[in-house]
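A.B. asks: sequence and predicted structure below; questions after.
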2 protein chains.
Amino acid sequence: MNINRAASILLPLVFFLAFFQESVDGRPLSLSLLRPKPDDAARFARWLVSQSSWGVLNTIASDMGGAPFGNVVSFSDGLPDKGRGIPYFYLTTLDPTARNALKDQRSSFTIGEYAIGTCGKTDPENPSCAKITLTGKLKVLNGDPKETSFAQTALFTKHPEMKGWPKSHNFQIFKLEIEDIFMINWFGGPKPITVDQYLQAKMDSRMAIA
Amino acid sequence: MNINRAASILLPLVFFLAFFQESVDGRPLSLSLLRPKPDDAARFARWLVSQSSWGVLNTIASDMGGAPFGNVVSFSDGLPDKGRGIPYFYLTTLDPTARNALKDQRSSFTIGEYAIGTCGKTDPENPSCAKITLTGKLKVLNGDPKETSFAQTALFTKHPEMKGWPKSHNFQIFKLEIEDIFMINWFGGPKPITVDQYLQAKMDSRMAIA
């Protein structure tokens, strides 16, 4: 067995493992936006939302005594490096979440940094492994063609298979109109962030690693 | 460069990638319970809960107009291969989730299979990538020493760093008393599972891979 043979066995394994890791940990393809410092709270929040591909969308289940009902959903706030911070969803009323939202718009959307693989061996509940909850109103898009186009491109770019989901399910694009931001990304309690600070935070690739 | 030199370079890389993947994707150490077939719904649900280490715990935020409030938390239903299906949490009233639950026990707990890395390249919202929402009442343990001991061992085994979390934060063990189970793990809508079927499902290592 020579060096070429050894490489022919081991190299594919290296690439397989690298690829498998990429495909299983929920990390989007682009990580060109580096993790901001925890104190840079608004930009950190936008980074976390931008880098995530799924989360738990909460609504009020009136048919279950008004219980809060969380549901795993995919989302996008824009192209991987060009998110605007507003999460868009592709939902069908075959699913309780969309039905609940059409009756009662109160909602929240929760994302854990653990899912994108940048927490290392830290426990998912440790404050240094970030989490964010955006609370507000979950609404069907109102038909503005510019926003519809932006949202559809945002969703279908991050989630290519959505394009092929059954037409008969009548998927509609929803968005969360954010009213409150709860984010923990370090010790010492949630970071105070206003919705304006969050929406206006500038995203660029010069962000420093924490 | 000979075969030994090639192996000395490539093998550590293989192990590094394998280890790194293990440490970032939220998968518990033991995967000895194989993924049940989707039709074996109650056992599939128990498998998903048993293999997960974190999820989103949802409560009603009375101080936010009764909005449903999701929060990333760690949990455990038992030792990795010996879960009982009931999720236990380690919460402090410094965090809104515990405060909300003490005022209003209505709650749900949501887990996505995507987080444990067994969905491959499937989209997190694709029905074949499983998700489960357990709805019920979120309660502080009532002081039964057997349950307290079981829950504490369950939590501290899966989340070793919890043992060292600050005493001054007064962490308490909560559990979700399950009243309803919503699980999608394949096409065709949620699987009907009663709470009894779920709690009585037998977990063993003979489960077949789907």
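C.D. replies: Thanks, I have it.

A.B. asks: and the nearest residue to A:Ile111 once chain neighbours are set aside, which helix or strand is it part of?
C.D. replies: Leaving out its chain neighbours, the residue that sits closest to A:Ile111 by Cβ to Cβ, 6 or more residues apart in numbering or on different chains is A:Gly55, at 4.1 Å. Bear in mind the C-beta positions are built from the backbone N, C-alpha and C, glycine included. Assessed by DSSP states H and E, A:Gly55 sits inside strand A:54-61.

A.B. asks: partners of the helix or strand just after that strand in the sheet?
C.D. replies: From strand A:54-61 onward toward the C-terminus, using DSSP H and E, the following helix or strand is strand A:67-74. Here the strand partners of strand A:67-74, with direction, are listed using DSSP bridges: strand A:54-61 (antiparallel).

A.B. asks: roughly how far out does the partner strand sit from the chain middle?
C.D. replies: Using Cα atoms, centre = their mean, to the nearest Å, the distance from the centre of strand A:54-61 to the centre of the chain it belongs to is 12 Å.

A.B. asks: so for stretch A:115-132, mean pLDDT?
C.D. replies: For stretch A:115-132, the per-residue pLDDT values average out at 96.

A.B. asks: only C-alpha atoms, please: export it in CSV.
C.D. replies: What follows is stretch A:115-132 as a C-alpha-only set of coordinates in CSV (Å, rounded to 0.1, in the frame of the first residue of the first chain):
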residue,chain,number,x,y,z
ALA,A,115,-28.5,24.4,16.5
ILE,A,116,-26.0,26.2,14.3
GLY,A,117,-23.0,24.4,15.9
THR,A,118,-21.1,27.4,17.3
CYS,A,119,-21.5,26.6,21.0
GLY,A,120,-18.8,23.9,21.2
LYS,A,121,-19.3,21.7,24.2
THR,A,122,-21.2,24.3,26.2
ASP,A,123,-24.6,23.1,27.4
PRO,A,124,-27.5,24.4,25.3
GLU,A,125,-29.0,26.2,28.4
ASN,A,126,-25.7,27.8,29.4
PRO,A,127,-26.1,31.6,29.0
SER,A,128,-22.9,31.8,26.8
CYS,A,129,-24.7,29.6,24.2
ALA,A,130,-27.1,32.2,22.8
LYS,A,131,-30.8,32.1,22.4
ILE,A,132,-33.3,34.6,21.1
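
A.B. asks: does that stretch reach chain B?
C.D. replies: Yes - contact of stretch A:115-132 with chain B (Cβ under 8 Å from any Cβ of the partner chain) involves A:115, A:117-126, A:131.

A.B. asks: give me the ChimeraX select line for those, limited to the buried ones.
C.D. replies: ChimeraX command restricting the residues of stretch A:115-132 next to chain B to the buried ones, with burial defined by 16 or more other Cβ atoms under 10 Å in any protein chain shown:
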select /A:115,117,118,119,123,124,125,126,131
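
A.B. asks: return the subset of the residues of stretch A:115-132 next to chain B lying in strands.
C.D. replies: Using DSSP state E, the members of the residues of stretch A:115-132 next to chain B that fall in strands are A:Lys131.

A.B. asks: before I go, just wanted to say thanks for your time.
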